[in-house]
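Student: Output the structure for:
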Amino acid sequence: MPRRLRLHLAGGFYHATLRGNHQLAIFHTDADRFLLNAVVARSIEMYGAQVHAYCWMTNHLHFLIQVGEDPLSFVMRQIASGYARAFQSKMETTGHLFERRYHAVLVDVDSYFLQLLRYIHLNPVRACMVRRPGQYRWSSHLAYAGGASENWLTTDFALAMFSSARSTAHAAYRAFVEEAESEESLELFSRGGAPVLGGVSFVARVSGGNATGAPAQSLDSLLTEACRIFSTSEAEMRSDSRASVVVRARAWIALQAVSRGIATLSAVARALRRDRATLRYAMRQYSSKVD
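Tutor: Got it, this is the predicted structure:
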């Protein structure tokens, strides 16, 4: 499979994740998390980036990060290498602390910014580490809810989406986070999918199309595009076939449809005559091989 495309858009917003090698813990003490804060602060200052949201989980990191003129890869490499060196010198260990490649998706701010903000802050709740996001210390949730904030964290941009009055914005944010996340929203931000998350016009504007031609604008055109890419047929994809190429083609369609905002996973499942669980599993398998 080809390596995932890295799209650089000056001023663009990205959902970036960085995972511990072999899914191992990247923190042992609270001091390690404070160390990461310091590394992140230095790195974003160095490259003119802004962090709008973060969540430090036990074995992986989430960022909602806005880049400047320098690509995201510069920032993420600086964070990963800077923290790894400091962490390993303290632990007297060697080897890779993080997976070699971070994962990143360029996000359409107008369509998905607030949903992504909530998704990042609810990670500890979904992982059953806490019952409410305010109980988790190592994310930017408390800063948005009205508590103390890291001096390197940017909250003004998101809070202004709720209200120009600070106290009202904090209250509106807290209410927003309390709303239940839809399953489709969770699918959008889970690992995998296309390198751009947005509507068709946004995808076309930032990528100028893709390696296979103009971006598909409907589920039917995605199906046609997949047939060409994977050398299969629509009849095969709608059949009971479990051939590996057919399974990959179905997964690709689902990932493209959901991440580009073309169709929901339920709609894709109906079109391909599959069930959601089967498609979701295929998506995860496909994404892990692409990454």
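
Student: The residue lying farthest from the centre of the chain and residue 241, how far apart?
Tutor: For the chain, the C-alpha lying farthest from the average C-alpha position belongs to residue 235; by C-alpha atoms, centre = their mean, that distance is 32.8 Å. Distance, residue 235 to residue 241, using C-beta to C-beta, to the nearest Å: 9 Å. Heads up, the C-betas are built off the backbone N, CA and C, glycines and all.

Student: mind giving me the domain split of the chain?
Tutor: 13-181, 216-290 (automatic domain parsing).

Student: Which among these is found nearest to residue 190?
Tutor: domain 216-290 (8.1 Å; C-beta to C-beta).

Student: Regarding residue 115, which helix or strand does it belong to?
Tutor: helix 109-121 (DSSP states H and E).

Student: Would you indicate which residues of that helix are buried?
Tutor: With burial defined by 16 or more other C-beta atoms under 10 Å, the residues of helix 109-121 counted as buried are 109, 112, 113, 115, 116, 117, 118, 119, 120, 121.

Student: circling back to that earlier point, least reliable of the domains of the chain by average pLDDT, please.
Tutor: Comparing mean pLDDT across the domains of the chain, the weakest is domain 216-290, with a mean of 83.

Student: can you tell me which helix in this structure is longest?
Tutor: Criterion DSSP state H: the longest helix present in the chain is helix 72-91.

Student: Give me the helices and strands touching whichever helix or strand comes after that one, please.
Tutor: Following helix 72-91 in sequence order, the next helix or strand is strand 103-107 (DSSP H and E). When contacts are defined as 3 or more C-beta pairs under 8 Å, 6 or more residues apart in numbering; DSSP states H and E, strand 103-107 sits against strand 13-19, strand 196-197.

Student: Could you tell me the angle between strand 103-107 and strand 13-19?
Tutor: 170 degrees (axes from the mean of the first three to the mean of the last three C-alpha atoms, to 10 degrees).

Student: Please renumber the chain so that the first residue is 804 from this point on.
Tutor: Will do, 804 is the new start, and the previous item becomes strand 906-910.

Student: related to what we said a few turns ago, give me the contacts around the longest helix of the chain.
Tutor: Helix 875-894 is contacted from outside by 809, 811, 817, 819, 821, 829, 831, 835, 838-839, 842-843, 845-847, 849-850, 852, 868, 870, 897-901, 905, 907, using C-beta atoms under 8 Å, 6 or more residues apart in numbering.

Student: Pull out the buried members of those.
Tutor: For those, a neighbour count by 16+ other C-beta under 10 Å gives the buried set as 817, 819, 821, 829, 835, 838-839, 842-843, 846-847, 850, 852, 868, 870, 900-901, 905, 907.

Student: Would you agree residue 950 falls within a helix?
Tutor: No - under the criterion used here (DSSP: H, G, I helix; E, B strand; the rest coil), residue 950 is coil, not part of a helix.

Student: Can you get me a residue count around it?
Tutor: 11 (other C-beta atoms under 10 Å).

Student: now do residue 836
Tutor: Neighbours of residue 836 under the rule other C-beta under 10 Å: 14.

Student: That one touches residue 830, doesn't it?
Tutor: Yes - counting by C-beta atoms under 8 Å, residue 836 does reach residue 830; the two are 5.6 Å apart.
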